[in-house]
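**Student:** requesting a structural model of the entry that follows:
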Amino acid sequence: MKQFLYYTTAFILIAFCGCKKYLDINTDPNLVTDPPINGLLANATMQTGWNTQRMGNLTSYYVQYLSSPNTGSDRDTYKEEDLSTTWSNFYNTMTDIVKMNELATTLGSSEHLGVGKVMMAIHLNMLINMFGDVPYSQAFKSVEVLLPAYDNQETLHATSIQLLDEAVTELNKTDSKLKLDKNSDVIHAGNLTAWKKTAFTLKARFLNQLSKRTDKYNTANILAAVSNGYTSNADDASSNAYQGGRSPWNQIAYNNTQLLLDGWLSEQFVDALDGTSYGVFDPRLRLITDTTKFGDYRGTTNGKGRTGTGTSMEESYLSLNGFYSKAGAPVAIATYSELKFIEAEAAFRANDRARAYAAYREGIKANMMKIGAIPADTTAYLSNPAVSVGVANLTVADIFREKYVAMFLHPEAWVDARRFDFMYKDFTLPVGAALPTFIRRGAYPVVETSRNGDNVPATNGLTDRLWWDK
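**Tutor:** So this is what the prediction gives:
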């Protein structure tokens, strides 16, 4: 794991750099080694959004939201990829968060420390859900430890929850020596109540990830976290601070118009929304993509590649006008609709079917409102017998199906797919898949295997299940 010296331009006013010396022996005297705390806050909140999207741009192929227009692409067909860039982006940001937390402790800022712990929990949880064991306890001691050991993924999952609990404790304090700068906080604009709700929402997410571990799964704890989490779409944690002007999914949609092919919708996702798989047309589809030149929606089969000639509207792609990929589109980190589906699942497993059904319907409604569905379309969709199944007929499959749509492009969707064992209707392996079953983990990156190889855990490949995926 190499931590690079680099310049990072903060979203508002401040340019600075974190001090990252992992295996670097030369120091640039022009770089700032003691950045201001709000500069670190600006960078960390901005990069938390970016890293969520970066991880989502990997996992969206694993859950067949997206498909490569090229036959047999590595990501489509579960071949090992070098994820060094993703790994470095995460650890660079986490290093800045550590630096911010250290400064917060020194300066007596419980507000910055609480926010920093939430962001560390977000990064750590995404990393362990991609790779399993990762460096953490020794990862940020670049002077003392050049080759950090890997910590156990189960322990780190507990750590991610502990970080959230610690964050709430800090955010509840009233004697912080420094206040969050709202202009530097590009997620919640310095709103401590919003950050506490995000911490509880994430805690519900992390606890719900353990649904396959009956010895660890506790519906009461999940529902307790839910009760302190988001209460409307207005609470959502998202970032719309972007380097270079374009939001990340908008950049992908734009690139596609310039024949840099990307952002093609998977046949699986299109079939799930256009009525093919579930017998009901989902109006959210037209808020994500455009109709083809044939007047319909056509996804691309993962692994097969495009059937058309390019970008002549023969297949469906992320739209420049779509909610997720329009100019300035925010990257969702955690949402009210996700929380309602977590509540629905936990209540269902606790045998509270009435609460589960109400939360299931609210999750659908919230997501449709979020992405701009007109009220008549929302009402019609919620009234359709395929959706309006009733309290007695609700199943876990119904909850996972609707959550799959609401979590479009978010990396947590891959956690859900593994928890559900990819049992979505009509879900099939990619054409020419390199694995005999669906992908369960990412490969450790070359930046680690080449430099810290003695500490990298041995695996049996991308079908190895993580500790919670049993």
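**Student:** which parts of the stretch 301-450 of the chain are strands?
**Tutor:** Assigned by DSSP state E, counting those that start in this stretch, the strands in the stretch 301-450 of the chain fall at 331-334.
**Student:** burial of Tyr444, as a residue count?
**Tutor:** 25 (other C-beta atoms under 10 Å). Any C-beta I mention is one placed from the backbone N, CA and C, and that applies to glycine too.
**Student:** right, and it touches Phe131 too?
**Tutor:** Yes - Tyr444 is within contact range of Phe131, at 6.2 Å (criterion: C-beta atoms under 8 Å).
**Student:** please state the offset of the helix or strand harbouring Ala104 from the chain centre?
**Tutor:** Assigned by DSSP states H and E, Ala104 belongs to helix 84-107. Here the centre of helix 84-107 is set off from its chain's centre by 18 Å, with C-alpha atoms, centre = their mean, to the nearest Å.
**Student:** what about the stretch 1-150 of the chain, any weak spots by pLDDT?
**Tutor:** 1-35 (pLDDT under 70).
**Student:** thinking again about what came up before, helix or strand next in line after the helix holding Ala104, which one?
**Tutor:** helix 110-131.
**Student:** helices and strands around that following helix, which ones?
**Tutor:** helix 37-62, helix 84-107, helix 153-172, helix 192-208 (3 or more C-beta pairs under 8 Å, 6 or more residues apart in numbering; DSSP states H and E).
**Student:** can I get it in CSV? Just the C-alpha atoms.
**Tutor:** Taking C-alpha atoms only, helix 110-131 is exported to CSV below (Å, rounded to 0.1, in the frame of the first residue of the first chain):
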residue,chain,number,x,y,z
SER,A,110,-15.5,17.0,18.9
GLU,A,111,-17.4,18.1,15.8
HIS,A,112,-14.6,17.4,13.4
LEU,A,113,-13.7,14.2,15.2
GLY,A,114,-17.2,12.9,15.1
VAL,A,115,-17.5,13.6,11.4
GLY,A,116,-14.1,12.0,10.8
LYS,A,117,-15.1,8.8,12.5
VAL,A,118,-18.2,8.6,10.4
MET,A,119,-16.2,8.9,7.2
MET,A,120,-13.6,6.4,8.4
ALA,A,121,-16.4,3.9,9.0
ILE,A,122,-17.8,4.5,5.5
HIS,A,123,-14.4,3.8,3.9
LEU,A,124,-13.4,0.9,6.1
ASN,A,125,-16.8,-0.9,5.6
MET,A,126,-16.6,-0.5,1.8
LEU,A,127,-13.0,-1.8,1.7
ILE,A,128,-13.7,-5.0,3.8
ASN,A,129,-16.8,-5.7,1.7
MET,A,130,-14.7,-5.6,-1.4
PHE,A,131,-11.5,-7.3,-0.2
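**Student:** list the buried ones in it?
**Tutor:** 110-131 (16 or more other C-beta atoms under 10 Å).
**Student:** any idea which residue sits dead centre in the chain?
**Tutor:** Taking C-alpha atoms, centre = their mean, the centroid of the chain lies closest to Pro411, which sits 3.5 Å from it.
**Student:** can you pull out the helices in the chain?
**Tutor:** 37-62, 84-107, 110-131, 153-172, 192-208, 219-227, 248-257, 267-273, 336-349, 353-371, 375-383, 396-406, 412-419, 446-449 (DSSP state H).
**Student:** make TSV from those and add distance to Asn455 to it.
**Tutor:** Putting those into TSV (distance: least, C-beta to C-beta, whole Å) gives the following:
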stretch	distance to Asn455
helix 37-62	22
helix 84-107	14
helix 110-131	13
helix 153-172	14
helix 192-208	25
helix 219-227	33
helix 248-257	32
helix 267-273	37
helix 336-349	34
helix 353-371	41
helix 375-383	50
helix 396-406	36
helix 412-419	25
helix 446-449	8
